[in-house]
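> With the sequence up front, the predicted model follows.
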Amino acid sequence: MRVFRCNACGRNLETKAPSCPECGCGDINEFVIRIELCHPAVRHPLSVHKTMVLGRNNFRLYGEEYGFVSEEQFRLVKAEGGWEIEGIAAKNPTIMNGTDITGQGPVPLPDNAVITVGPFKVNVKYVEAKV
Ligand SMILES: [Zn+2]
C-alpha cells in the first residue's frame, strides 16, 4: 500500500502525480504503510511491511500464553488497495473487531482494528514511512 501526499497543502493523492491537483505544488511525498501490532506488554511490537503469515512464534514476546496461538494463525496481506487480514483455519479463531474472520478469505484490515488471537488483544497501528 502506497500513499502520496502533497508536501505544501497536505492533500492525499490516490495515485502518483507530477503535481498536486489542489495547489499545483510539485513536491509530492510518497509513503509506504507498515503495520504494528501493539500490545500493552510489548515495548517493541511486531512490525510488518510485507505479506506474511503470523503465528505462535511471533507472539512469544506478547506473553507466556503464546502457546494458545496457533502455529499459523493469520496472514497479513499487503494488497493494492490496502492491508488485509486472512484468518487461517486453525484450532483457534482469529477475531477482528469482534467478528470471527477465520476461513473467510482476506478482509480489509483498517487502522486501529483490534485483533484477538488466543489470550491476546492487539491493536493495529498504521505507520507511515517516507519512501
Ligand atoms: Zn498541494
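Cool, got the structure.
> Out of all residues in the protein, which is the farthest from the middle?
Centroid-distance maximum for the chain: residue 24 at 31.8 Å, with CA atoms, centre = their mean.
> any chance you could read off phi and psi for that one?
With angles defined as degrees, to the nearest 10, residue 24 sits at phi 80, psi 0.
> Now do residue 7 against residue 128, distance only.
13 Å (CB to CB, to the nearest Å). The way it works is simple: take the backbone N, C-alpha and C, and place the C-beta from them, glycine included.
> Could you do residue 34 as well?
Taken as CB to CB, the span from residue 34 to residue 128 is 8 Å.
> out of those two, which sits in the busier spot?
residue 34 (18 against 12; other CB atoms under 10 Å).
> can you count the residues close to residue 123?
15.
> Is the residue positioned nearest the centre of the chain bridged to anything, and to what?
The centre of the chain sits closest to residue 35, judged by CA atoms, centre = their mean, with a distance of 3.7 Å. On the basis of DSSP bridges, residue 35 is bridged to residue 48, residue 126.
> so who does it touch?
47-49, 76, 83, 109, 124-127 (CB atoms under 8 Å, 6 or more residues apart in numbering).
> Now tabulate these in a markdown table and tack on neighbour count, distance to residue 116 and pLDDT.
What follows is these, written out as a markdown table (neighbours: other CB atoms under 10 Å; distance: CB to CB, whole Å; pLDDT from 0 to 100):
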| residue | neighbour count | distance to residue 116 | pLDDT |
| --- | --- | --- | --- |
| 47 | 11 | 20 | 95 |
| 48 | 18 | 17 | 96 |
| 49 | 13 | 23 | 94 |
| 76 | 23 | 15 | 98 |
| 83 | 22 | 17 | 96 |
| 109 | 22 | 13 | 97 |
| 124 | 21 | 12 | 98 |
| 125 | 15 | 16 | 97 |
| 126 | 18 | 19 | 95 |
| 127 | 15 | 21 | 95 |
